[in-house]
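Asker: Sequence and computational prediction follow.
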Amino acid sequence: MTRMTKRKRWAIAVATVLGVAALGGGAGVGVHYWSDLNATCRNSGATIVTKGRDGKCAGVTDGSFNFLPGNAAFTSVIRKIQAEDQRVARPGNLYASVAYLLPVSPSGVEKVQVMTEQLEGAYTEQMYANRNSVAGHNPPVQLLIASDGDQGTDWTTAVRNIEHEAAGQHLVAVAGLGVSLDSTTDAVRRLTHAGIPVVGSTVTSDDYDHINGMFRVSSNNKADVAAVLQYVAPTFRSAIVINDTNPHDSYDKTLVQEFGPGFTSFARHSLENTFRYNTNAGPGESGSAALENATNAIDGIPDTICADKGSVVLFAGRGKELAQLLGDLASRCENQPITIVSGDDVTNMPWSRGVQRALHHVTLYYAGAANPYEWDTGSCPAIASGRQAFQTFNSSFTRFAAAHESPAAAEAMIADGDAIMGYDAMLTTTSAIRRASATDPTAAGVMAQLPTLQGAHTVQGASGFIALSSSGTNPSSKAIPILQYQADSSITFRKLYWPTAPEGELGQAADLTRTCP
């Protein structure tokens, strides 16, 4: 039985259940949302989107369903993806599908702008790969957009629909993921257990380090923290730690696990204070009440920072709470020089007048995933490779994703690195797909090929080379740019770090960086 036949069989089963429901006989039949006609947002072709437990739509689409119809930028990119998907999936064509999974919501932990930029980058790679050789020219790639809802709370709905897509259509992998939350981890474990490989774009939590079947194109929090602390340690001997204790946010949890021990590992370096807040709702507490308590806790921190003129602030929290801290510092520590260090969720920081005012006297550094200027200087093999790969990305992004944008607007769209990481996640996935088969790749075949993307098959990513292995999730010796967020909302590149590869592992990757500064 072919995969297409399975899909038709499943679709007929769903139609039957819905038909029974319409006649009043659907109670207790099949999955609950199939027994409710109003629970199906759209079920047509490669689109399987249904209502999750919060009543919002979750699932996977070829662009024929819009998760954010009121957002012009998001709508623009899914329309472009839909057009290419329709071209690829013409009757009789051989092709492979990849679902790009994100927590699409207008009010979630990840900004709509960030999700849109990731999809712009993924679309750029789809267009480039379908017209050029990426480990071969075939099969063409269909890019599906998947959503697991606000904070990933509808991950079970999204994953169930992705599994049906894999069983009945052409889907062979999932990419993206968005943010490091427990719900994301649950989705990854369910997908990989079902035999569907996952390629993360910007998830950095250490909790993903050894999930069989998952790979990522970004470094983990351990490597990011080591890089940014190496950058600030010569200037500061003492630090103040601020962290979210939300047990379900693995990004915050693993970031703080690295910050304290990492800073004190430098000779004569110490922690002066630790402040905690909690964005998680406790027993009997509403989500809004938890956020109010977190706001109050953060509001009590700036006075200590203002009084301590010699410590660097290590912030292990999300961009939303960082924006509040900066706003408080703007009004209470005006003109006092302060340095804050954080992780890559800085790109999710909402922009405000308070943030802008603070960044005139607050220096904000973070370990980023990618930056357009990280390849501008140097001539070692790894930098030369990164420069060439970025130029390929940039010319393709200008041609496809930003075709109607001004040069300044196109540059702004890639400044925070999210489009670059979306591109690299898809580039890595496409490389594995085409190495698996030029005609009819399977999820199992792609899963087997991902750890072979090393040595001569290392992916030349726009964010740096991506060398994977079967021993873990993380790319080996992945470039980490240290970045500074400026008061005009621009991002300045400061320094490039190369984590040391484990001894004996991926020798070629280590060789590429050995002569880099």
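Answerer: Alright, I've got the coordinates. Computed from a prediction, not measured in an experiment: that's the story for all the values here.
Asker: residue boundaries of the strands in the stretch 1-150 of the chain?
Answerer: For the stretch 1-150 of the chain, the strands defined by DSSP state E, counting those that start in this stretch occupy 40-44, 47-51, 57-61, 96-102, 141-147.
Asker: Next, the buried residues of the first one.
Answerer: When neighbours are counted by 16 or more other C-beta atoms under 10 Å, the buried residues of strand 40-44 are found to be 40, 41, 43. (Each C-beta comes from the backbone N, C-alpha and C, glycine too.)
Asker: Need the worst-confidence member of the residues you listed.
Answerer: Summarising pLDDT for the buried residues of strand 40-44: the lowest-scoring member is residue 40, with 86.
Asker: is it true that that one touches residue 51?
Answerer: Yes - at 7.5 Å, residue 40 and residue 51 qualify as touching, with contact defined as C-beta atoms under 8 Å.
Asker: Number of residues surrounding residue 133?
Answerer: Residue 133 has 10 neighbours, counted by other C-beta atoms under 10 Å.
Asker: Can you tell me how far it is from residue 90?
Answerer: To residue 90, residue 133 is 22 Å away according to C-beta to C-beta, to the nearest Å.
Asker: same check, this time on residue 291
Answerer: Shown here: residue 291 relative to residue 90, a distance of 48 Å by C-beta to C-beta.
Asker: Tell me which stretches of the stretch 251-400 of the chain form strands.
Answerer: Along the stretch 251-400 of the chain, the stretches classed as strands by DSSP E, counting those that start in this stretch are 270-277, 311-316, 338-342, 362-367.
Asker: Quick one: closest of those to residue 76.
Answerer: Minimum separation from residue 76 across the strands of the stretch 251-400 of the chain (C-beta to C-beta) falls at strand 362-367, 28.4 Å.
Asker: Mind giving me the packing neighbours of the closest one?
Answerer: Strand 362-367 makes packing contacts with helix 221-232, helix 319-332, strand 338-342, strand 480-485 when contacts are defined by 3 or more C-beta pairs under 8 Å, 6 or more residues apart in numbering; DSSP states H and E.
Asker: of all these, which gets the most neighbours per residue?
Answerer: For the helices and strands packed on strand 362-367, the stretch with the most neighbours on average is strand 480-485, a mean of 25; neighbours defined as mean count of other C-beta atoms under 10 Å.
Asker: and the angle from the helix or strand just after that strand to strand 362-367?
Answerer: In the C-terminal direction, the helix or strand that comes right after strand 480-485 (DSSP states H and E) is strand 491-497. Using axes from the mean of the first three to the mean of the last three C-alpha atoms, to 10 degrees, the direction of strand 491-497 lies 50 degrees away from that of strand 362-367.
Asker: tell me what strand 491-497 is packed against?
Answerer: Strand 491-497 sits against helix 221-232, strand 480-485, with contacts defined as 3+ C-beta pairs under 8 Å, 6+ apart.
Asker: residue contacts, residue 199?
Answerer: For residue 199, the contact set (C-beta atoms under 8 Å, 6 or more residues apart in numbering) comprises 173, 174, 175, 214, 215, 216, 217, 425, 428, 429, 432, 450.
Asker: list the contacts for the closest residue to residue 343 other than its chain neighbours?
Answerer: What sits nearest to residue 343 in space, not counting adjacent residues and going by C-beta to C-beta, 6 or more residues apart in numbering, is residue 255, at 5.1 Å. The neighbourhood of residue 255, defined by C-beta under 8 Å, 6+ apart, consists of 221, 225, 243, 316, 342, 343.
Asker: Reformat the residues you listed as CSV; add pLDDT and distance to residue 406.
Answerer: Shown next, in CSV, are the contacts of residue 255 (pLDDT from 0 to 100; distance: C-beta to C-beta, whole Å):
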residue, pLDDT, distance to residue 406
221, 95, 36
225, 96, 37
243, 96, 40
316, 97, 37
342, 97, 31
343, 95, 31
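Asker: which one of the residues you listed sits closest to residue 281?
Answerer: The shortest gap between residue 281 and any of the contacts of residue 255 belongs to residue 243, at 17.7 Å (C-beta to C-beta).
Asker: Please, which helix or strand holds that closest one?
Answerer: With the criterion set as DSSP H and E, the secondary-structure element containing residue 243 is strand 238-244.
Asker: What count of nearby residues applies to residue 106?
Answerer: What residue 106 shows, counting by other C-beta under 10 Å, is a neighbour count of 12.
Asker: Quick check: it touching residue 113?
Answerer: No - the pair formed by residue 106 and residue 113 falls short of the contact definition of C-beta under 8 Å, at 11.1 Å.
Asker: Return the subset of the contacts of residue 199 lying in helices.
Answerer: Secondary structure from DSSP state H places 425, 428, 429, 432 of these in helices.
Asker: ok, now which ones touch the first one?
Answerer: Listed by C-beta under 8 Å, 6+ apart, the contact set of residue 425 reads 100, 122, 175, 176, 199, 200, 201, 216, 217.
Asker: Columns distance to residue 360 and pLDDT on top of these, output as JSON lines?
Answerer: Supplementary listing: those in JSON lines, determined by distance: C-beta to C-beta, whole Å; pLDDT from 0 to 100:
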{"residue": "100", "distance to residue 360": "37", "pLDDT": "98"}
{"residue": "122", "distance to residue 360": "35", "pLDDT": "98"}
{"residue": "175", "distance to residue 360": "38", "pLDDT": "98"}
{"residue": "176", "distance to residue 360": "35", "pLDDT": "97"}
{"residue": "199", "distance to residue 360": "39", "pLDDT": "98"}
{"residue": "200", "distance to residue 360": "35", "pLDDT": "97"}
{"residue": "201", "distance to residue 360": "32", "pLDDT": "97"}
{"residue": "216", "distance to residue 360": "35", "pLDDT": "97"}
{"residue": "217", "distance to residue 360": "34", "pLDDT": "97"}
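Asker: In strands, which of those fall?
Answerer: 100, 175, 176, 199, 200, 216 (DSSP state E).
Asker: could you redo the residues you listed as JSON lines and give each row distance to residue 384?
Answerer: Supplementary listing: the ones in strands among the contacts of residue 425 in JSON lines, determined by distance: C-beta to C-beta, whole Å:
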{"residue": "100", "distance to residue 384": "30"}
{"residue": "175", "distance to residue 384": "27"}
{"residue": "176", "distance to residue 384": "29"}
{"residue": "199", "distance to residue 384": "25"}
{"residue": "200", "distance to residue 384": "26"}
{"residue": "216", "distance to residue 384": "24"}
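Asker: right, and out of those residues, which lies closest to residue 182?
Answerer: For the ones in strands among the contacts of residue 425, the minimum distance to residue 182 (C-beta to C-beta) is 15.0 Å, reached by residue 200.
Asker: So that closest one is in contact with residue 176, correct?
Answerer: Yes - using C-beta under 8 Å, residue 200 makes contact with residue 176 at a distance of 7.4 Å.
Asker: give me the beta-bridge partners of the residue lying closest to residue 495 once chain neighbours are set aside?
Answerer: By the measure of C-beta to C-beta, 6+ apart, the closest residue to residue 495 outside its immediate chain neighbours is residue 482, 4.6 Å from it. On the basis of DSSP bridges, residue 482 takes part in beta bridges with residue 367, residue 495.
Asker: And the pLDDT at residue 482?
Answerer: The predicted local confidence for residue 482 is 97.
Asker: Could you do residue 166 as well?
Answerer: On pLDDT, residue 166 comes in at 84.
Asker: What residues does residue 62 make contact with?
Answerer: Going by C-beta under 8 Å, 6+ apart, residue 62 touches 45, 46, 47, 81, 82, 85, 86, 89, 142, 144, 145.
Asker: My error: substitute residue 274 in the last question.
Answerer: When contacts are counted by C-beta under 8 Å, 6+ apart, residue 274 touches 240, 241, 242, 243, 260.
Asker: Thanks a lot, see you next time.
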